[in-house]
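Asker: only geometry, no sequence info:
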């Protein structure tokens, strides 16, 4: 059942040491939304800033209460900041953007227009990035691999400028560094109407980037994790059982072959590496199959819960007249 809201859009903005850019971003959001006639609220999520970002947010809120804020006790990461913002969101649509002024507030009306045309999620595509080459090349490689593995044809999974229907952000569960894979998490929940839009990417005016090359290693590890979860979380037996079956039969064939050689050709097998390989594959196969079975036994009760099933639409039955009413009619 779709969520209802009187506010057109909620804007969620993670913040980490961006005291200089926040006032300018606020003016841009306010001017764009007011000019477009959009009712809005914006949540600044201070993710453990060590500068005066929170003081700036407090002053802005005192001047315009449409801009709200949450201060986290320490730096929990962007995914955690977005998750907190998604929990507070109450607009019909939700926009996420970074606080470093590289995401252009002028894109907000066009992103909402794409949602109103029927999409569940619109991802920004920084086709012309205003970043150094050392950042652009790894990002392109990362996005290429992510497209191939997930099957979602987006060119820029890392773009912070995205637009969602409210029910989408209420359905995804973020942890770790999974903010890069919100489109995949949304598709897993059944929100498959996903598209991208080329957006204006502005050069950084203040401060420096908060991300280094290590984020790509973390990103690939998260990619493997979320790919496994989205494909096999509800059927772990398919993954572990398949690997276990292959390993078991591989070990069985090897063991059968060296046994035949021993019985019919009197070949010694005690000192042959194939014997160890065959026994190891059989044991690994049994263990993998057992893990899959245990995982299936754990997941089945959860999947039987109604709150684990996403409902896309509902048509309530019309009340039926009682038997006496039918007779009188």
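Answerer: Nice, thanks for sending it over. What you see is a predicted model; the values in this text were computed from it and never measured. Numbers count the residues shown, from 1 in each chain.
Asker: all helices for the stretch 101-250 of the chain, in order.
Answerer: Ranges of helices in the stretch 101-250 of the chain, per DSSP state H, counting those that start in this stretch, are 108-116, 133-150, 166-171, 182-188, 214-232, 236-265.
Asker: lowest-confidence stretch among these?
Answerer: Looking at the helices of the stretch 101-250 of the chain, the lowest mean pLDDT belongs to helix 214-232 (a mean of 71).
Asker: which residues touch the closest residue to residue 184 other than its chain neighbours?
Answerer: Spatial nearest neighbour of residue 184, excluding adjacent residues (C-beta to C-beta, 6 or more residues apart in numbering): residue 150 at 4.9 Å. Just so you know, the C-beta spots here come from the backbone N, C-alpha and C atoms, and that holds for glycine as well. Residue 150 is in contact with 181, 183-184, 223, 227, counting by C-beta atoms under 8 Å, 6 or more residues apart in numbering.
Asker: could you do residue 290 as well?
Answerer: Residue 290 neighbours (C-beta under 8 Å, 6+ apart): residue 244.
Asker: could you look up the SS state of it?
Answerer: Of the three states, residue 290 takes helix under DSSP: H, G, I helix; E, B strand; the rest coil.
Asker: and the residue nearest to residue 180 when sequence neighbours are not counted, what's its pLDDT?
Answerer: Spatial nearest neighbour of residue 180, chain neighbours left out: residue 157 (5.1 Å); criterion: C-beta to C-beta, 6+ apart. Residue 157 is assigned 88 on the pLDDT scale.
Asker: state the number of residues packed around residue 157.
Answerer: 24 (other C-beta atoms under 10 Å).
Asker: where's residue 205 relative to residue 24, distance?
Answerer: 8 Å (C-beta to C-beta, to the nearest Å).
Asker: again with residue 256
Answerer: Separation of residue 256 from residue 24 (C-beta to C-beta): 73 Å.
Asker: residue contacts, the spatially closest residue to residue 200 that is not a sequence neighbour?
Answerer: Spatial nearest neighbour of residue 200, excluding adjacent residues (C-beta to C-beta, 6+ apart): residue 104 at 4.3 Å. Shown in contact with residue 104 (C-beta under 8 Å, 6+ apart): 28, 161, 199-202.
Asker: wait, residue 186 sits on residue 172?
Answerer: Yes: with contact defined as C-beta atoms under 8 Å, residue 186 reaches residue 172; the gap is 5.8 Å.
Asker: quick one: contacts for residue 182?
Answerer: By C-beta under 8 Å, 6+ apart, the contact list for residue 182 reads 82, 121, 162, 164, 172, 174.
Asker: out of those residues, which comes closest to residue 129?
Answerer: residue 162 (16.2 Å; C-beta to C-beta).
Asker: now do the closest one, the pLDDT please.
Answerer: 97.
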